[in-house]
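> heads up, no residue letters with this:
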């Protein structure tokens, strides 16, 4: 009988110790209770040594198309040299609006006021209009480079109007100094242009 009482008392004491142990130290791992989360550490590794640059692909520029020359003038069989005759305006291939301003210089066009002749020729080589441009006064004007300057060197200029031009139309301006007995132009400067209608 005493053995049973002693066994019950021992079991009760062991149970009390277990409850006490759990109440006092259960779950304690030696860390502060305030620090319940884990610290996160970020480690930055800085590479050592020289950085090798990667080659970059340089974009290849697109080729610029070569402008096609304006083909409206027939072959010039009697070209006037720049020392004899020069047309300064308009430039070859230029778009010009009516009225078309034509100007230039002649080395000897002041002699007997002979001036120059301006013929306007269409794409079919039909002469649309012919104008005589008299020489102008030379005072306070500078002749272009390459022109032979004489006592009879003079500029010329005119504003030319063409009828029935309703859209951009190519023409060839023939500026020349003389004609043969058959009316063929001699000492010619040709200027291909596109003539635009006048502003209404």
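Yes, it's here. All figures in this text were calculated on a predicted structure; none of them were measured in a lab.
> and what about residue 120, helix, strand or coil?
Classification of residue 120 using DSSP: H, G, I helix; E, B strand; the rest coil returns strand.
> might one say that it is in contact with residue 162?
Yes. The pair residue 120 / residue 162 is scored as a contact, 6.6 Å apart, by Cβ atoms under 8 Å. For glycine as for every other residue, the C-beta is placed from the backbone atoms N, C-alpha and C.
> find residues that contact each of these two.
Residues touching both residue 120 and residue 162 by Cβ atoms under 8 Å, 6 or more residues apart in numbering: 128-129, 171.
> closest one to residue 155 out of those, please.
The shortest approach to residue 155 among the shared contacts of residue 120 and residue 162 belongs to residue 129, at 21.3 Å (Cβ to Cβ).
> count the neighbours of the residue lying closest to residue 82 once chain neighbours are set aside for me.
Ranked by Cβ to Cβ, 6 or more residues apart in numbering and with sequence neighbours excluded, the top spatial neighbour of residue 82 is residue 146, at 4.4 Å. Neighbour count of residue 146, defined by other Cβ atoms under 10 Å: 11.
> now do the contacts for residue 135.
Counting by Cβ under 8 Å, 6+ apart, residue 135 touches 106, 109-110, 113-115, 154-156.
> buried subset of those?
When those are checked for burial by 16 or more other Cβ atoms under 10 Å, the buried set is 106, 109-110, 114-115, 154-156.
> in the residues you listed, find the pair that's most separated.
114 and 155 (13.9 Å).
> what sits against residue 165?
Residue 165 makes contact with 98, 195-198 under the criterion Cβ under 8 Å, 6+ apart.
> now residue 113
Taking Cβ under 8 Å, 6+ apart, we find residue 113 in contact with 134-135.
> dihedrals phi and psi, it?
Main-chain torsions, residue 113, degrees, to the nearest 10: phi 50, psi 40.
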